[in-house]
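K.L.:
The following comprises the amino acid sequence and a computationally predicted model.
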Amino acid sequence: MDEQQTQKPPEAPSPAPAPAPAPAAPKSDAEANKWYGVIAYLSILCLIPLFAAKKSPFAQFHARQGLVLFLAGIVLNVVSYFVPGYGVGFIVWWVELALGIIALIGLINAWQGKMWEIPVVADVAKQIKM
């Protein structure tokens, strides 16, 4: 019995590390270019901040993410046009809805002056050099 009492209980697993914080733009840049960040998530209007606010890291961040979402929607629609079947149309509808919701969340974050990195989209957007 003495042996059982001297054994240590198993240690609890350590918590997972916190995710990396989103990049931050200077407050003045976010305030001055808030509208560019908002329109970046409105379909083809993502091109306006991409070319009109080249010196704003905040506007460029949101414009690139908006461009990736816009291009994903175009590719999805082109693929669905050439692939026949009712199941494809159903899947495309749900994916388009998801893209719209993600764009809405990005728009809200841009309005709040935040630079939220959309998973996967942000990785592709970082590859865009202009």
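P.N.:
Yep, that arrived.
K.L.:
who are the neighbours in contact with A103?
P.N.:
With contact set as Cβ atoms under 8 Å, 6 or more residues apart in numbering, A103 has these partners: Y41, L42, G66, L69. Glycine gets a C-beta too; all of them are placed from N, C-alpha and C.
K.L.:
quick one: contacts for the residue nearest in space to the middle of the chain?
P.N.:
When the chain is reduced to its mean C-alpha position, the closest residue under Cα atoms, centre = their mean turns out to be I118, at 1.7 Å. Contacts here follow Cβ under 8 Å, 6+ apart; on that basis I118 touches Q65, L69, I102, I105, G106, A125.
K.L.:
Most neighbours of all these, which one?
P.N.:
Q65 (29 neighbours; other Cβ atoms under 10 Å).
K.L.:
Give me the local confidence score for it.
P.N.:
At Q65 the predicted local distance difference test score is 94.
K.L.:
do G73 as well
P.N.:
As summarised for this prediction, G73 has a pLDDT of 93.
K.L.:
Which helix or strand contains G106?
P.N.:
G106 is located in helix 86-111, with elements delineated by DSSP states H and E.
K.L.:
For that helix, buried residues please.
P.N.:
Of the residues in helix 86-111, those with enough neighbours to count as buried (16 or more other Cβ atoms under 10 Å) are V92, L99, I102, A103, G106, L107, N109, A110.
K.L.:
want to throw those residues into JSON lines with pLDDT and distance to G85?
P.N.:
Supplementary listing: those in JSON lines, determined by pLDDT from 0 to 100; distance: Cβ to Cβ, whole Å:
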{"residue": "V92", "pLDDT": "86", "distance to G85": "10"}
{"residue": "L99", "pLDDT": "94", "distance to G85": "20"}
{"residue": "I102", "pLDDT": "94", "distance to G85": "25"}
{"residue": "A103", "pLDDT": "94", "distance to G85": "26"}
{"residue": "G106", "pLDDT": "94", "distance to G85": "31"}
{"residue": "L107", "pLDDT": "95", "distance to G85": "32"}
{"residue": "N109", "pLDDT": "93", "distance to G85": "36"}
{"residue": "A110", "pLDDT": "94", "distance to G85": "37"}
